[in-house]
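[1] Sequence below, structure please.
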Amino acid sequence: MLRQSLGALHVIAPLPGLHDISEDVESWVREQSIGDGLLTLFCRHTSASLLIQENAAPAARRDLEAYFARIAPEDRSLYTHNDEGSDDMPAHLRAALTSTQLSIPVRGRRTALGTWQGIYLFEHRREPSRREIALHLVGE
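    Reported below is the predicted structural model:
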């Protein structure tokens, strides 16, 4: 019989960039009574996103952060929406270009990520932010 579990992770992102939340997600999955199924993560914000990305080479994360800074730069002259500062609209653009939702298979109470994959909150704002990630696990 299929069962489901709902939960939330609260992440404080002190700086912009990629923040590894893999262990927090793994810990939550292990605590559930579901061994095999599908985990959905949903970022409840419009200026942050979620990524599955390289977890071994810090240079890969730095390159990703630099790339998004180039394609959605902080430049007030480029945007009309600057209600919360010069990083406001670039944060929305970066979130639109990435994902706010991830689906990850679960096997044996563990996420079925690849060897070099990690789960990241991608914070797009400069001010420290408290972010909520909704979790939904369905399976048996």
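[2] Any idea how many residues pack against the spatially closest residue to residue 118 that is not a sequence neighbour?
    Once flanking residues are discounted, residue 118 sits nearest to residue 55: 3.1 Å by Cβ to Cβ, 6 or more residues apart in numbering. Any C-beta I mention is one placed from the backbone N, CA and C, and that applies to glycine too. When neighbours are defined as other Cβ atoms under 10 Å, residue 55 has 19 of them.
[3] same deal with residue 105?
    Residue 105: 13 surrounding residues under other Cβ under 10 Å.
[4] Ramachandran angles for it?
    Torsion angles at residue 105 (phi, psi; degrees, to the nearest 10) stand at phi -60, psi 150.
[5] I'd say it and residue 112 touch.
    Yes: using Cβ atoms under 8 Å, residue 105 is in contact with residue 112, at 4.1 Å.
[6] mind listing the helices for the protein?
    Along the chain, counting by DSSP state H, helices occupy 22-31, 58-71, 88-97.
[7] what about the most centrally placed residue in the chain, distance to residue 1?
    The centre of the chain sits closest to residue 50, judged by Cα atoms, centre = their mean, with a distance of 2.3 Å. According to Cβ to Cβ, to the nearest Å, residue 50 stands 29 Å off from residue 1.
[8] can you tell me how far the residue nearest to residue 118 sits from residue 70?
    Going from residue 55 to residue 70 by Cβ to Cβ gives 23 Å.
[9] likewise residue 104?
    Going from residue 104 to residue 70 by Cβ to Cβ gives 29 Å.
[10] same thing with residue 124?
    Taking Cβ to Cβ, one finds residue 124 at 14 Å from residue 70.
[11] repeat for residue 62
    13 Å.
[12] When those two are compared, which one has more neighbours?
    Neighbour totals were compared for residue 62 and residue 70, and residue 62 leads with 12 against 8 (other Cβ under 10 Å).
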